[in-house]
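K.L.:
Need coordinates for the below:
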Amino acid sequence: MPESYIENLQESLPSAVSDARLIEDARRGDRDAFRDLVLRYEKKLYRVIYRFVHEDTLAEDLAQETFLRVYENLDQFDLSRRFGPWLFRIGVNLTLDFLRKRKRRGRTSVFSEIQPDEPMNPGSADPRNHQDMSEEVLRVMEDIPEKYRSVLVLRDLENFSTAEIAAIVGRKEATIRWRLAEARNRFKALWLKRIEDAPSPPVES
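P.N.:
The predicted model follows:
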């Protein structure tokens with residue numbers, strides 16, 4: 001099995017101190033140890049959250065809140081387990097809770113007021129070559145139920161392994177594989193329908 005993104009990230013750090021050691025030190029009140037944990041994961045955490053909210057400041061705020069909750073609950077962390085999935089589970093759950101509350105307040109679309117800043121691969125070419133390809137993909141993603149969309153984001157956009165996603169969302173790996181297949185099928189169906197329903201470009205005279 002190929003090494004995970006998180007493992008590669010940790011190995012690239014100049015410090016050889018393990019997450020478990022940093023957590024033990026942080027539990028004893030060593031703020032520098034917790035700061036090192038934050039530095040180790042903050043960019044990845046921000047990027048994962050941004051995939052869901054597509055707003056820079058909001059992603060930063062949710063990442064900061066995630067680390068605050070992690071700090072407050074360090075004593076509850078099982079040192080025999082890996083820290084990364086626990087951190088991302090807190091961050092993803094916090095983000096999804098925020099999006100649910102915003103939807104209940106009447107803001108049904110998280111993309112209505114923003115423009116995506118990077119392209120996403122829909123996995124199927126659009127024969128009309130729309131200028132707003134990225135926004136179209138985001139809107140299709142929004143129509144996929146949360147439990148499928150979350151897996152799709154974590155696997156296909158952020159390259160987490162199915163084992164890591166299982167730990168993050170708290171489900172068996174077989175369930176994650178099934179949800180991923182279902183998510184991809186739903187995305188493809190919605191994407192093709194969107195293409196079919198789109199108006200044809202005007203014919204030049």
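
K.L.:
so how far is Leu37 from Leu87?
P.N.:
Summarising the geometry, the distance separating Leu87 from Leu37, computed by Cβ to Cβ, to the nearest Å, is 8 Å. The way it works is simple: take the backbone N, C-alpha and C, and place the C-beta from them, glycine included.

K.L.:
These two: which is more packed in?
P.N.:
Leu87 (25 against 21; other Cβ atoms under 10 Å).

K.L.:
What ranges in this protein fall below the confidence cut-off?
P.N.:
Within the chain, the set of residues satisfying pLDDT under 70 comprises 1-16, 106-133, 200-205.

K.L.:
Contact partners for the residue nearest to the spatial centre of the chain?
P.N.:
To find the centre residue of the chain, average its C-alpha atoms and take the closest one (Cα atoms, centre = their mean): that gives Val48, at 3.4 Å. Neighbour list for Val48: Phe88, Gly91, Val92, Val153, Leu154, Glu158 [criterion: Cβ atoms under 8 Å, 6 or more residues apart in numbering].

K.L.:
residues of the helix or strand where Ala63 lies that come out buried?
P.N.:
Following DSSP states H and E, one finds Ala63 within helix 56-72. For helix 56-72, a neighbour-count test (16 or more other Cβ atoms under 10 Å) marks Leu58, Ala59, Leu62, Ala63, Glu65, Thr66, Phe67, Val70 as buried.

K.L.:
Which other helices and strands does the helix or strand following it contact?
P.N.:
On the C-terminal side of helix 56-72, the closest following helix or strand by DSSP H and E is helix 83-104. In terms of contacts (3 or more Cβ pairs under 8 Å, 6 or more residues apart in numbering; DSSP states H and E), helix 83-104 is packed against helix 19-27, helix 31-53, helix 56-72, helix 146-152, helix 162-169.

K.L.:
what distance separates helix 83-104 from the centre of its chain?
P.N.:
A distance of 9 Å separates the centroid of the chain from that of helix 83-104, by Cα atoms, centre = their mean, to the nearest Å.

K.L.:
buried stuff in it?
P.N.:
Along helix 83-104, these residues count as buried under the neighbour rule (16+ other Cβ under 10 Å): 83-96, 98-99.

K.L.:
before we move on, what about stretch 150-159?
P.N.:
Judged by neighbour count (16+ other Cβ under 10 Å), stretch 150-159 contains these buried residues: Ser150, Val151, Leu152, Val153, Leu154, Arg155, Asp156.

K.L.:
I'd like to check the angle between the top helix by length along the chain and helix 162-169, please.
P.N.:
Taking DSSP state H as the assignment, the helix of the chain that covers the most residues is helix 173-197. If you take axes from the mean of the first three to the mean of the last three Cα atoms, to 10 degrees, helix 173-197 sits at 90 degrees to helix 162-169.
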